[in-house]
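Engineer: turn this into a model:
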Amino acid sequence: MIAVAESCTGGGVGEAITRVAGSSQWFERGFIAYTNHAKQDMLKVSAATLLAHGAVSEQTAREMALGALAASRADVSLSLTGIAGPGGATPGKPVGTVCFAWARRAGENQTETRHFSGDRAAIRRQAVEHVLRGILLFLK
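Structural biologist: Residues are numbered from 1 along each chain as shown. All right, here's what the predicted structure looks like:
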């Protein structure tokens with residue numbers, strides 16, 4: 001079973017997963033944690049992590065993935081948090097920056113940051129595709 005924790009895609013990963021007939025056999029639940037408060041409340045992302053690294057960071061993505069595992073019955077999780085634009089860029093984090101994490105209940109986890117181009121819709125679509133390809137590689 002898999003759980004997902006999304007920020008910048010606002011449910012796009014869950015939507016892509018549930019487009020597949022029979023996904024209820026392996027999709028346990030999804031969290032849309034768009035604000036820092038939601039990340040802290042639902043996924044137990046620490047205030048210290050958000051203060052030190054920001055919402056768009058591999059550290060936050062990791063805590064989101066681990067929080068999704070803790071708040072679910074899933075065996076694996078994925079998360080993503082980023083800046084889809086058109087605004088929101090900060091120094092060192094331009095529009096299109098998306099941080100990803102994949103985690104197993106057994107303890108293994110992996111993070112990655114990617115930079116996508118295009119408008120808001122294109123960035124979100126690329127992020128959804130990347131996180132889903134990433135979980136397939138993570139599970140191998």
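
Engineer: residues touching T113, list them.
Structural biologist: Taking Cβ atoms under 8 Å, 6 or more residues apart in numbering, we find T113 in contact with E58, T97, V98, C99, F100. Using the backbone N, CA and C atoms, a C-beta is placed for each residue, glycine as well.

Engineer: you'd agree the second one is up against L80?
Structural biologist: No - in terms of Cβ atoms under 8 Å, T97 does not count as a neighbour of L80; the distance is 11.0 Å.

Engineer: neighbour count winner among those two?
Structural biologist: L80 (29 against 23; other Cβ atoms under 10 Å).

Engineer: please save the CA atoms from the helix or strand containing the more buried one in PDB.
Structural biologist: Using DSSP states H and E, L80 maps to strand 76-82. Presented in PDB, the C-alpha positions along strand 76-82 are these (Å, rounded to 0.1, in the frame of the first residue of the first chain):
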ATOM      1  CA  VAL A  76       5.600   3.100   1.200                       C
ATOM      2  CA  SER A  77       5.100   6.800   0.600                       C
ATOM      3  CA  LEU A  78       6.100   9.600  -1.600                       C
ATOM      4  CA  SER A  79       6.000  13.300  -1.200                       C
ATOM      5  CA  LEU A  80       6.600  16.500  -3.200                       C
ATOM      6  CA  THR A  81       6.800  20.200  -2.300                       C
ATOM      7  CA  GLY A  82       7.800  22.900  -4.700                       C
END
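
Engineer: which strands or helices does the helix or strand following it pack on?
Structural biologist: Once the chain leaves strand 76-82, the next helix or strand it forms, by DSSP H and E, is strand 97-104. In terms of contacts (3 or more Cβ pairs under 8 Å, 6 or more residues apart in numbering; DSSP states H and E), strand 97-104 is packed against helix 58-70, strand 76-82, strand 109-115, helix 120-139.
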